[in-house]
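1. Provided below are the primary sequence and the corresponding predicted coordinates.
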Amino acid sequence: MKSLKVAVFLALKSISRGNSRVLILTIAMLVLVYLNLVFTPAILAGAVDSVNNKTINTMSGDIIVQAAGEVPVIGNVSALVSQIESLDGVQAACARNSLGADISYEGERTTTSVYAIDPEQDRDVFQISQDIIEGSYLSPDDTDQILLGVQIAGNDRKNLELYSSSLQSVHAGDQVTVKYAGGVEKQYTVKGIFYTELVQSDQRSYITEKEFDTMNPLMKDSASAVYVKTKDNVRLETVIEEIKGLRPGLKFQTWEDVAGFLRSMTDSFKQIIVILRVIAFIVAAITIFIVTYVDLVNKRRQIGIERAIGITGASIILSYIFRAIIYAIVGILAAALIFVYIVVPVEARTPFHFPFGDVFLPINITYLITSGLILCAVATVSAFIPAWQTIRIKIIDAIWSS
Amino acid sequence: MLTVKNLTKIYKLGKVEVNALVDVSLEVEAGDITCIMGKSGSGKSTLLRQLGLIDRPTSGQIFFEGQDVTRLSDGERSKMRLTFLGYIFQEFALLSELTAHENVYLPGMMLGSNSVDYKNRAKELLKLVGLGERIEHKPKELSGGEQQRVAIARALINNPRILFADEPCANLDTISSDQVMGTLVKLNKELGVTIVFVSHDTDDKKYANKLIFLRDGKQVEEYI
């Protein structure tokens, strides 16, 4: 207890009366170490979030409901959508029919999935209507009109990932020919072109439910899938269980199942995040070690005097550990405030642009706290080792060789 | 009180061995003021460091109040220094970040005394050495003589049985030297503190009642 008391006394006096420039420099360094620790992983975590959100908002919703039987069609779908929308955890739901098709324009041909949607219902679940770059979004009564993803239209954007296999120069108002898998061929006017920045989503095309019904009158009030958007922080498993209770013979996928095609990328990002964190912690440990070591070398004589007058080695080591922890806490708090109140808002105003869209830095409180605690632990070890080494030097060498 | 038998200290400088102390034996009685004298390099500071348990001898024995303290562990030596011994360094050796008051009471804090007690005692000791008005000054704000008197007060905070002083006036002017030596004599007379000090100045003989002469690490003469 007395060793602890002396250690705290020495640490506080050293901080309050030591060289203020060294103090500021040390804390500034710790601020940078902590920002380094949270910034780059936050970018990658933001990228993963961005990809996942794009998948949910443009392709899958949170849950996809399909027919489990041999006939992959859900009948009486409008009733099912209403029932799903009435569930507690559900924000919105919509039905879609999908068809495979070849699409051609002035000698260029490509394949696409054409989705038949109720534009009003669909915009409550998906954000395609907000990603229109040319022309306009579909209206419920539109027939003979189609909405194309930019990777299908080409849109004279030669820097697109799939430009060479696209229709290359289609713009809103152009006429394209669609040949469905069943053999039906139709001419459509391109009402709009959308660009979600997620390649897989931008390879899709959309027509209205009304247009679909004119081609497939027997399929009225049926759909190949119902897409469900849940409220925030709702467990998908709970909603799935509730939907199962509404009607038998359904099967379910979550957005994570659908995002399998992106999993290798997000998994790579997660691995990079782990590697960057480990490197950042090693850099932090070495930096704190060097600062403590240089400080101890300069104070070797003082430590020799402390030991000569009877201060125990444990007290001296503890005093350096306390100092390192206090520096770390001040640095971490300052850096966390800078990150939350300066870096994140500034980045949000001018976000980093990745191939799949803008990336915003997420504020993950758990990660910020965990990183802070680990940095404190790193500071403790980094202060302990040089302090322990100094204590092992003979008193006379510490005092008279300095 | 303090008995030294055949003390030898050999320093190794690379492959060369230096005999800093050779077969030194002496006795210090309670209440003595003992002066270890000798020219520069004679081994007097080395001897004091062995006696003050700051360094370990190569061979020989040191007995403090009958107990062999030569081979104590670092922790035991630290406790011994804190509890029974006071040590004054030639170069003042105060902690620069602490005030005079804090420098004096720090060893008291380590001993685990009541905080009011050791803080009050530190004030009394600073008054005793004539620095009652300067207790909140830091070392750099004090003269050399004042710093050395703070070091004396610090050495006394835990009521040591014996006080070691390594050329306490080496870096002081004549007036400050007289003040410091006067303070040590006063402590010996008023508090009965046993004092062992090192000096190369033959004038300092007058303060001691026992003299030990060293030359090239060897004890050459002893008389009262």
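-> Perfect, I can see it now. The shown structure was predicted, so the numbers you read here are calculated from the model rather than taken from an experiment.
2. what's whichever strand or helix holds A:Ser82 in contact with?
-> A:Ser82 is part of helix A:77-85, with elements assigned from DSSP states H and E. The contact list for helix A:77-85, computed with C-beta atoms under 8 Å, 6 or more residues apart in numbering or on different chains, reads A:65, A:74, A:90, A:92-95, A:121, A:221-223, A:226, A:228, A:243, A:246-247. Placement of C-beta: from N, CA and C, glycine included.
3. Just the ones of these in strands?
-> A:65, A:74, A:90, A:92-95, A:222-223, A:226, A:228 (DSSP state E).
4. one step back: from the chain's centroid, how far away is the helix holding A:Ser82?
-> Relative to its chain's centre, helix A:77-85 lies at 31 Å (C-alpha atoms, centre = their mean, to the nearest Å).
5. same question, stretch B:129-138
-> With C-alpha atoms, centre = their mean, you get 21 Å for stretch B:129-138.
6. From chain B, how far out is A:Pro386?
-> When distance is defined by C-beta to the nearest C-beta, to the nearest Å, A:Pro386 is 18 Å away from chain B.
7. residues contacting that residue?
-> Counting by C-beta under 8 Å, 6+ apart, A:Pro386 touches A:289, A:292-293, A:296, A:320.
8. ok, now with 10 Å
-> By C-beta atoms under 10 Å, 6 or more residues apart in numbering or on different chains, A:Pro386 lies in contact with A:288-297, A:317, A:320.
9. Just want the most central residue of chain B.
-> B:Phe164 (2.0 Å; C-alpha atoms, centre = their mean).
10. Could you list everything B:Lys9 pairs with in the sheet?
-> Beta bridges link B:Lys9 to B:Leu21 when assigned by DSSP bridges.
11. Any buried residues in the helix or strand harbouring A:Phe281, and which?
-> A:Phe281 belongs to helix A:260-298 when elements are defined using DSSP H and E. Using 16 or more other C-beta atoms under 10 Å in any protein chain shown as the test for burial, helix A:260-298 gives A:262, A:266, A:269, A:273, A:276-277, A:280-281, A:284-285, A:287-289, A:291-293, A:295-296.
12. Figure out how far that helix is from the centre of its chain.
-> Using C-alpha atoms, centre = their mean, the offset of helix A:260-298 from its chain centre is 19 Å.
13. Do me a favour and average the pLDDT over that helix.
-> Averaging pLDDT along helix A:260-298 yields 80.
14. Can I get whatever helix or strand comes next after that helix as PDB, trimmed to CA atoms?
-> As assigned by DSSP H and E, the chain's next helix or strand after helix A:260-298 is helix A:300-308. Written as PDB, here are the backbone C-alpha positions of helix A:300-308 (Å, rounded to 0.1, in the frame of the first residue of the first chain):
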ATOM      1  CA  ARG A 300      18.600   7.100 -14.300                       C
ATOM      2  CA  ARG A 301      20.500   9.300 -11.700                       C
ATOM      3  CA  GLN A 302      17.200  10.400 -10.200                       C
ATOM      4  CA  ILE A 303      16.100   6.700  -9.900                       C
ATOM      5  CA  GLY A 304      19.500   5.900  -8.300                       C
ATOM      6  CA  ILE A 305      18.900   8.600  -5.700                       C
ATOM      7  CA  GLU A 306      15.400   7.300  -5.000                       C
ATOM      8  CA  ARG A 307      16.700   3.800  -4.400                       C
ATOM      9  CA  ALA A 308      19.600   5.100  -2.300                       C
END
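15. Torsion angles phi and psi at B:Glu167?
-> B:Glu167 adopts backbone torsions of phi 40, psi 60, taken as degrees, to the nearest 10.
16. And what about the closest residue to chain B within the stretch 101-250 of chain A, helix, strand or coil?
-> When scored by C-beta to the nearest C-beta, the stretch 101-250 of chain A has A:Asn233 as its residue closest to chain B, at 51.5 Å. In three-state terms, and counting by DSSP: H, G, I helix; E, B strand; the rest coil, A:Asn233 is coil.
17. how many neighbours does it have?
-> A:Asn233 has 6 neighbours, counted by other C-beta atoms under 10 Å in any protein chain shown.
18. Contact partners for it?
-> By C-beta under 10 Å, 6+ apart, the contact set of A:Asn233 is A:Gly89.
19. about what we covered before: could you say what helices and strands the helix holding A:Phe281 packs with?
-> In terms of contacts (3 or more C-beta pairs under 10 Å, 6 or more residues apart in numbering or on different chains; DSSP states H and E), helix A:260-298 is packed against helix A:20-55, helix A:255-258, helix A:313-338, helix A:365-391.
20. for those helices, which one ends up most surrounded?
-> Greatest average neighbour count among the helices and strands packed on helix A:260-298 goes to helix A:313-338 (a mean of 21), per mean count of other C-beta atoms under 10 Å in any protein chain shown.
21. Which strands or helices does the helix or strand following that one pack on?
-> The helix or strand immediately downstream of helix A:313-338 is helix A:344-349, counting by DSSP H and E. Packing contacts for helix A:344-349, counted by 3+ C-beta pairs under 10 Å, 6+ apart, involve helix A:20-55, strand A:357-359.
22. Select, out of the ones you listed, the one closest to chain B.
-> Closest among the helices and strands packed on helix A:344-349, once you apply C-beta to the nearest C-beta, is helix A:20-55, at 11.9 Å.
23. okay, the angle between that closest one and helix A:365-391?
-> Helix A:20-55 and helix A:365-391 are oriented at 150 degrees to each other (axes from the mean of the first three to the mean of the last three C-alpha atoms, to 10 degrees).
24. Low-confidence bits of the stretch 251-400 of chain A, can you list those?
-> For the stretch 251-400 of chain A, the stretches with pLDDT under 70 are A:261.
25. nope, chain B is what I meant
-> Scanning chain B with the threshold set as pLDDT under 70 gives B:113, B:222-224.
26. Now do the closest residue to chain A within it against B:Thr70, distance only.
-> Closest approach between chain B and chain A, counting by C-beta to the nearest C-beta: B:Leu82, at 2.8 Å. Taking C-beta to C-beta, to the nearest Å as the measure, B:Leu82 falls 18 Å from B:Thr70.
27. One more: B:Leu172?
-> Separation of B:Leu172 from B:Thr70 (C-beta to C-beta): 33 Å.
28. what about the closest residue in space to B:Gly86 that isn't next to it in sequence, is that helix, strand or coil?
-> Excluding the flanking residues, the one nearest B:Gly86 by C-beta to C-beta, 6 or more residues apart in numbering or on different chains is B:Ala155, at 3.1 Å. The three-state label for B:Ala155, taken from three-state DSSP, comes out as helix.
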